[in-house]
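[1] this one's structure only:
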Ligand SMILES: [Zn+2]
């Protein structure tokens, strides 16, 4: 029965495996989220994939599975090459393991930023436009470019790594080994580093007295009007704006979509970001590239992960 057919999309990150079922029309049916913190072996992750699929597909006919993974992937080999948040899966042929578990249904796998890009493009903030760049603003910063419904993958699927675009020639060190990357100025870890540095210099300051430094606690402090916390967000926002200006100048996409946990603090970083992108991009670019917030929140990736399956089925 066609009405009973579902696709299950997954988004595997360092803290949660999120999963949703969708009909052939792409409409959301059910969703669930599972804690991955206790997964130590690849088999532990596989068990979660199986449990989630079972709970979402009872009395339904499972037609396909799409998986978004937070990491650098070798799509030809179906392998996770590197993922700081999923160390147990580094070097693991995850796609082959999923194929064995879900045979005869062949699962598909993609990078999580690309999945979020497709999700927003087809079912969120990108609906109705031809070109869209997504910026995922979380612990790290990712990106993806969609043109006419297709991800621009580049020669090896590595395109869109906007977090590691240099915005300072000899700037702060980054987790990737380079220096001056956007992510080293505006990301969850960079904001925490700036707050910790402030704490070392001024242990009795309001930031120094925060119990657990995180983007959320730093945002709360900024909400209360604390100038030091606001300055950290504003400086980070200016760096983000330079990155956005570079996207506008290079690609001039119709929309630039911001998603991820840091977006919750938008009132603290967007004004300086806007200042930077207006200063540093051509007026014709910034007036035609609209910067907007994502609409699917943390569920963009699960929707994007099944998009290629929906297109194949139609
Ligand atoms: Zn970097």
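    Looks like it arrived, so ask away. The model shown is predicted, which means the values in this text are computed figures rather than measured ones.
[2] the residue in the stretch 201-314 of the chain positioned nearest to the ion: what secondary structure?
    Ranked by CB to the ion, the top residue of the stretch 201-314 of the chain for proximity to the ion is residue 243, at 11.9 Å. For every residue, glycine as well, the C-beta is placed using N, CA and C. The local conformation at residue 243, judged by DSSP: H, G, I helix; E, B strand; the rest coil, is helix.
[3] need the pLDDT of residue 55.
    Reported pLDDT at residue 55 in the predicted model: 94.
[4] quick one: contacts of stretch 213-227?
    Outside stretch 213-227, the residues within contact range by CB atoms under 8 Å, 6 or more residues apart in numbering are 188, 191-192, 195-196, 199, 206-207, 210-211, 229-230, 232-233, 261-262, 264-265, 268.
[5] for ChimeraX, what selects the buried ones among those residues?
    Buried residues within those, by 16 or more other CB atoms under 10 Å, are selected in ChimeraX with:
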select :188,191,192,195,199,207,210,229,230,232,233,261,262,265,268
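[6] which parts of the stretch 51-200 of the chain are strands?
    61-69, 72-74, 79-82, 108-111, 131-137, 141-147, 150-151 (DSSP state E, counting those that start in this stretch).
[7] and the residue of the stretch 201-314 of the chain closest to the ion, what does it touch?
    Per CB under 8 Å, 6+ apart, neighbours of residue 243: 135, 141, 162, 165, 167, 182, 186.
[8] list phi and psi for the residue lying closest to residue 290 once chain neighbours are set aside.
    For residue 290, the nearest residue in space outside its immediate sequence neighbours is residue 255; the separation is 5.2 Å by CB to CB, 6 or more residues apart in numbering. As for residue 255, its main-chain torsions (degrees, to the nearest 10) stand at phi -130, psi 150.
[9] then residue 35?
    phi -70, psi 130.
[10] give me the number of residues near the nearest residue to residue 254 once chain neighbours are set aside?
    Nearest residue to residue 254, sequence neighbours excluded (CB to CB, 6+ apart): residue 129, at 4.1 Å. Other residues lying near residue 129 total 16 when counted by other CB atoms under 10 Å.
[11] quick one, grab the pLDDT at residue 129.
    96.
[12] and for the one 4 residues further on?
    Residue 133 is assigned a pLDDT of 98 by the prediction.
[13] partner residues bridging it?
    residue 145, residue 256 (DSSP bridges).
[14] try residue 33
    Residue 33 has the following beta-bridge partners by DSSP bridges: residue 18.
[15] mind listing what it touches?
    Neighbouring residues of residue 33 by CB under 8 Å, 6+ apart: 16, 17, 18, 19.
[16] so how far is residue 292 from it?
    Distance, residue 33 to residue 292, using CB to CB, to the nearest Å: 25 Å.
[17] wait, residue 188 sits on residue 139?
    Yes - between residue 188 and residue 139 a contact is recorded at 4.0 Å, counting by CB atoms under 8 Å.
[18] so what sits against both of those two?
    Between them, residue 188 and residue 139 share these contacting residues under CB under 8 Å, 6+ apart: residue 261.
[19] now residue 205. Nearest residue, chain neighbours left out?
    Distances taken as CB to CB, 6+ apart place residue 228 nearest to residue 205, at 6.0 Å, with adjacent residues excluded.
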